[in-house]
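Undergrad: what follows is a predicted structure for the sequence shown.
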Protein chains: 2
Amino acid sequence: MTLVANNRPHQIRYRRGQTVYFEGDPALSLFKVETGLVRIAKLTPKGRVLTVRHVLPGDYFGEEAFNGMLRDHQVEALTDATLSSLDPNGINVENLQSVTRSLSDQLQRVMAYEYHLQIGDLRQRVARYLMQLAATPLGGIDEQGHPFVRATHELIAEGTSSTRESVSKIVTELRSENLVQSGYRRITLLNVAILEQLSEATDLDDKD
Amino acid sequence: MTLVANNRPHQIRYRRGQTVYFEGDPALSLFKVETGLVRIAKLTPKGRVLTVRHVLPGDYFGEEAFNGMLRDHQVEALTDATLSSLDPNGINVENLQSVTRSLSDQLQRVMAYEYHLQIGDLRQRVARYLMQLAATPLGGIDEQGHPFVRATHELIAEGTSSTRESVSKIVTELRSENLVQSGYRRITLLNVAILEQLSEATDLDDKD
C-alpha cells in the first residue's frame, strides 16, 4: 500500500443485475459504492447462490485487492448503481480513513448477518431480511406510506439460506395474515410493527 | 479518527478463557493480537454461544471503536494471549495501513466462514473446523507428527452452529473410523488427507 496525495477515482455505472466481477478474477481495484445496492455472493458447488454481504452507498468493497489476491466472490449490482474504482496501491490518507471506517462497519454487519442466519426459523429470517432490505436502495415507501422491497423470492432465498420454494410458502403465509402484499418483484410491508416483532431472534433447536 | 505521529500501544496479557470485553461495553479501544487466539462470539437469547469470528496473531479487532459504538459481541482469549490496546482516535498512518489490511483479510475470512456454515452437513462442518483450528494457536503437532487441536466439543459446537451432543456423536464417529483420536480437551487429526476430503463443501438440501 502506497500513500499518495491524489487518487482521482474512476466512476462506472452498472445496471440492475449486472456483474461487477466474478470469483477467480484478479483483484486489481477497490470499489466504492456511490449509489445503489451491491451484493457479494458465493456460488456453491451445486450452483446455488449464497449472499454473504450487502454493500450500501458510501461503503467500499473489493478489499482483497489490498492483499493482491484473486476475487473469492461474485459481485452484482442489485439496483442500478454507480461505483468508483480506486487503485489500492495509490490511496490517499483521507480515503484510507474512510475505507477503514467502512470496513469496520461492514465487519460488524457481516457478523450480525451471520449470527442471524444461525438463529430463528425461516419465517423469522424472511421477516428480518425484508425489514433489512427495505432500508436499502432496494426498498422504498409507497403512496400509502408502506415500506416495500423490490426483490424476487429467489433473492430472498439467497439471503436467508433457503430455497425459492420455501420462501414462497412463507410469503404466502405472511400475505394471508395481511402482514405483506406481494406482486411482481415487489413485496410491500403492511404491518411493520408485527413484522419487527416476528423477526426478533429466538433460538432454534439443533439443526442436525 | 485523528492521525498522530506516535501512538505507543499498551500491552495486556490474558489467560486462556479470559474475557476481553462483553456485549454492551463502551467501545473505547482497538486491539491487536500479538500472540494467541481470540474469538468473537454472540450470545443468543437462550444463552447459546455462537462464534462469529476468529482473530489470529497480527490481526486487529474491536474496530467498532472507530465508529464509537457499544460492543456488539463478547470477546474471549481461547489461548493465553497478549493484546495491544490502541486509541482509535490517535492512530498513526502506518498502523492505519496495517489495520486496513487486517480488516480486509478478516472480512474475507468471515465471509468464507459464513459461507461454510451454510453448506455441508455437521460432519463436514466439524471436519472443516478442526482443520481450520489446527492452523491457529489452538493447534499444534504431536510427537508422531499429527496435527492436534486443543478444543472441547462445546467450543466446536459454538463454531459449527451445532450442539455439544451432536458434535460428540460426530467425533465418536470420526474416532471409530480412525480419522481422529480424542482425549481431554484435545483432538488429534490422524488422517489429514481424508479429513480434508471430507471437509470439502457440498450442498445440503434446504434446511427448512
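TA: Done, it's in. Numbers count the residues shown, from 1 in each chain, chains lettered A, B, ... in the order given.
Undergrad: for the residue most central in space within chain A, helix, strand, or coil?
TA: The C-alpha lying nearest the average C-alpha coordinate of chain A belongs to residue A:54 (C-alpha atoms, centre = their mean; 2.4 Å). Put simply, residue A:54 is strand when judged by DSSP: H, G, I helix; E, B strand; the rest coil.
Undergrad: who's it bridged to?
TA: residue A:39 (DSSP bridges).
Undergrad: mind listing what's buried along the lengthiest helix in chain A?
TA: Longest helix in chain A, counting residues (DSSP state H): helix A:93-118. Buried residues in helix A:93-118, defined by neighbour count with 16 or more other C-beta atoms under 10 Å in any protein chain shown: A:95-111, A:113-118. Where C-beta positions appear, they are placed from N, C-alpha and C, glycine not excepted.
Undergrad: ok, which of those residues also contact chain B?
TA: Contacts with chain B are made by A:96-97, A:99-101, A:103-108, A:110-111, A:113-115, A:117-118 out of those, judged by C-beta under 8 Å from any C-beta of the partner chain.
Undergrad: after the longest helix of chain A, which helix or strand is next?
TA: helix A:122-134 (DSSP states H and E).
Undergrad: which strands and helices lie in contact with the following helix or strand past that next one?
TA: Remark: after helix A:122-134, the chain's next helix or strand is strand A:139-141, criterion DSSP H and E. Applying 3 or more C-beta pairs under 8 Å, 6 or more residues apart in numbering or on different chains; DSSP states H and E, we find strand A:139-141 packed against strand A:147-149.
Undergrad: which neighbours does the strand it packs on have in its sheet, and in what orientation?
TA: By DSSP bridges, strand A:147-149 pairs with strand A:139-141 (antiparallel), strand A:186-189 (antiparallel).
Undergrad: list the contacts of the shortest one.
TA: Read it as strand A:139-141. With contact meaning C-beta atoms under 8 Å, 6 or more residues apart in numbering or on different chains, strand A:139-141 is reached by A:133, A:147, A:148, A:149, A:150.
Undergrad: go again with 6 Å.
TA: A:133, A:147, A:148, A:149 (C-beta atoms under 6 Å, 6 or more residues apart in numbering or on different chains).
Undergrad: average pLDDT for stretch A:163-180, rounded please.
TA: Averaged across stretch A:163-180, the pLDDT comes to 96.
Undergrad: mind listing what's buried in that stretch?
TA: Going by 16+ other C-beta under 10 Å, stretch A:163-180 has these buried residues: A:163, A:166, A:167, A:169, A:170, A:171, A:174, A:179, A:180.
Undergrad: enumerate the residues of chain A near chain B.
TA: A:1, A:42, A:44-46, A:48, A:50, A:52-53, A:63-64, A:66, A:96-97, A:99-101, A:103-104, A:107-108, A:110-111, A:114-115, A:118-119, A:122, A:161-163, A:166, A:202-203, A:206, A:208 (C-beta under 6 Å from any C-beta of the partner chain).
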